[in-house]
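1. the following block contains a protein sequence and its predicted model.
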Protein chains: 2
Amino acid sequence: MFVQEDVSTAEVDRLEAVHAPLADGVRALVEATIQTCVDEDEVRAVRAEVDALVARLRARRTDGPAGVHYNAEGRTWSWGNAVVGERNAIAPPLRVVRDPDDSVHADVVLGVQYEGPPGMVHGGVGALLLDHVMGVAASARKRVTFTGTLTMRYVRATPLGPVRVEARIDREEGRKVFVVATLADPDGVTVEAEGVFIVPSWAV
Amino acid sequence: MFVQEDVSTAEVDRLEAVHAPLADGVRALVEATIQTCVDEDEVRAVRAEVDALVARLRARRTDGPAGVHYNAEGRTWSWGNAVVGERNAIAPPLRVVRDPDDSVHADVVLGVQYEGPPGMVHGGVGALLLDHVMGVAASARKRVTFTGTLTMRYVRATPLGPVRVEARIDREEGRKVFVVATLADPDGVTVEAEGVFIVPSWAV
């Protein structure tokens, strides 16, 4: 399911620009579904409209997950990914930036749909974002890695709102890549993480 | 934001039954947004309809996160929770069951929106579900806990589809509760987890 596609980068970008706004709209709908106080008949009426939209989108569709794709130019896309997928309304989506020293970071504003304790980011959502960004750091631009172990220390609760995830390779031993990372709010680090990522034998 | 509400359990159940179907519809829309192959004009048209539904739901709404609520009978509800929130389309939602020995488990089918590696559950989604279920185990029905540390060992990749999360208290030391847990697919354990959960001093 790592599938090479015969499609230009320009066309991939264009398709992404067509589909990403729909996912953005659905993200807003996720939030509105949590926050709405309209009356019960209106809730039921909107539900019926949502069902109708689902039917329209399903008129033509692929079965199964979106997978990971790439083209001959090295452009990759994983539009269904739970953290970075531009077509996945569950994903914030995170936009991971690689820094000149090969460390990576991502800034994102976490809305009400990522709540755990009242007003706070769900501890598991912190783990979700950290796992992903640490995996990107481990890949170091040039290889596939899988999560081996992941350890998180929760320094304090993370309020909903703007957060930053940072990760970098600490060291490597054979096919093991040791990554360190943090989740931070504007006041500083809230979660510290260490992970061991594995380079599969077919990739080295 | 742990808010006591003067509302009967029957009324809470009734409100949940009104709102949960809307979130279910939005869950289907999340999936359809990933899988659709309808033409580009139709994607844009559906986006416009989604925007209109968002506006209808926002006509009356609360600001901010949903929080955690309870009534005088001890019924609690956290409809916006990222893992179990009945009104949160990001949440599967997980339904956590407490067993007679106070261990807990949850069975859930993870759809395409939880993808990481092609066809596989995102490693961070495993962490998200484990964190939550371990927190429920730590609470042991009678107290609030926060995640202290969380360690996960990924035995192998977890395919999308049916999974089970199980967690139980291993031991306690003062305000620290040590919890062990697993994520499993129908063929067996895919992730092993250990966590230390903290009982805040205001709760003991």
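-> Perfect, thanks for sending it.

2. the spatially closest residue to A:Lys176 that is not a sequence neighbour pairs with what?
-> Distance criterion Cβ to Cβ, 6 or more residues apart in numbering or on different chains; nearest residue to A:Lys176, sequence neighbours excluded, is A:Val196 at 5.4 Å. C-betas here are computed from N, CA, C, even on glycine. Taking DSSP bridges as the rule, A:Val196 bridges to A:Thr149, A:Phe178.

3. if I pick A:Val196, what's in contact with it?
-> Residues counted as contacts of A:Val196 (Cβ atoms under 8 Å, 6 or more residues apart in numbering or on different chains) are A:Gly148, A:Thr149, A:Leu150, A:Lys176, A:Val177, A:Phe178, A:Val179.

4. where does chain A dip in pLDDT?
-> A:1, A:203-204 (pLDDT under 70).

5. name the SS class of the residue of it most remote from its centre, please.
-> In chain A, A:Asp41 marks the outermost C-alpha relative to the chain mean, sitting 34.6 Å out by Cα atoms, centre = their mean. Recorded secondary structure, A:Asp41: helix (DSSP: H, G, I helix; E, B strand; the rest coil).

6. before we move on, what about A:Leu128?
-> A:Leu128 - assigned by three-state DSSP - is helix.

7. can I assume it is in contact with B:Val125?
-> Yes - taking contacts as Cβ atoms under 8 Å, A:Leu128 lies within contact range of B:Val125: 6.2 Å.

8. who touches both of these two?
-> Looking at what touches both A:Leu128 and B:Val125 (by Cβ under 8 Å, 6+ apart), the common residues are A:Ala82.

9. contacting residues around the lengthiest strand in chain A?
-> Across chain A, the strand with the greatest residue count (assigned by DSSP state E) is strand A:161-173. Strand A:161-173 is contacted by residues A:94, A:101-110, A:121, A:129-130, A:133-134, A:136-138, A:140, A:177-186, A:190, A:193-194 when judged by Cβ under 8 Å, 6+ apart.

10. could you flag which of these are buried?
-> For those, a neighbour count by 16 or more other Cβ atoms under 10 Å in any protein chain shown gives the buried set as A:94, A:103-106, A:108, A:110, A:121, A:129-130, A:133-134, A:136-138, A:140, A:177-185, A:190, A:193-194.

11. ranges for the strands of chain A?
-> A:2-4, A:68-70, A:76-77, A:97-98, A:104-110, A:146-154, A:161-173, A:176-185, A:188-198.

12. which residues are in contact with the most centrally placed residue in chain A?
-> Centroid-nearest residue in chain A: A:Val83, 1.1 Å away (criterion: Cα atoms, centre = their mean). For A:Val83, the contact set (Cβ under 8 Å, 6+ apart) comprises A:Ala91, A:Pro92, A:Pro93, A:Leu94, A:Leu128, A:Leu129, A:His132, B:Gly116, B:His122, B:Gly124.

13. report the two of those separated the most.
-> Among the contacts of A:Val83, the pair separated by the greatest distance (Cβ to Cβ) is A:Pro92 and B:Gly116, at 14.8 Å.

14. of those two, give the one with the bigger neighbour count.
-> More neighbours surround B:Gly116 than the other of A:Pro92 and B:Gly116, with 30 against 21 (other Cβ atoms under 10 Å in any protein chain shown).

15. quick one: the more buried one from B:Glu166, how far?
-> Applying Cβ to Cβ, to the nearest Å, the value for B:Gly116 to B:Glu166 is 21 Å.

16. so can I have JSON lines of the contacts of A:Val83 showing distance to B:Trp77?
-> Shown next, in JSON lines, are the contacts of A:Val83 (distance: Cβ to Cβ, whole Å):
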{"residue": "A:Ala91", "distance to B:Trp77": "26"}
{"residue": "A:Pro92", "distance to B:Trp77": "25"}
{"residue": "A:Pro93", "distance to B:Trp77": "29"}
{"residue": "A:Leu94", "distance to B:Trp77": "29"}
{"residue": "A:Leu128", "distance to B:Trp77": "23"}
{"residue": "A:Leu129", "distance to B:Trp77": "26"}
{"residue": "A:His132", "distance to B:Trp77": "30"}
{"residue": "B:Gly116", "distance to B:Trp77": "30"}
{"residue": "B:His122", "distance to B:Trp77": "27"}
{"residue": "B:Gly124", "distance to B:Trp77": "26"}
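
17. let me know the closest of those residues to A:Asp13.
-> A:Pro93 (15.4 Å).

18. I'd guessed the closest one sits against A:Val84; true?
-> Yes - counting by Cβ under 8 Å, A:Val84 is a contact partner of A:Pro93 at 5.1 Å.
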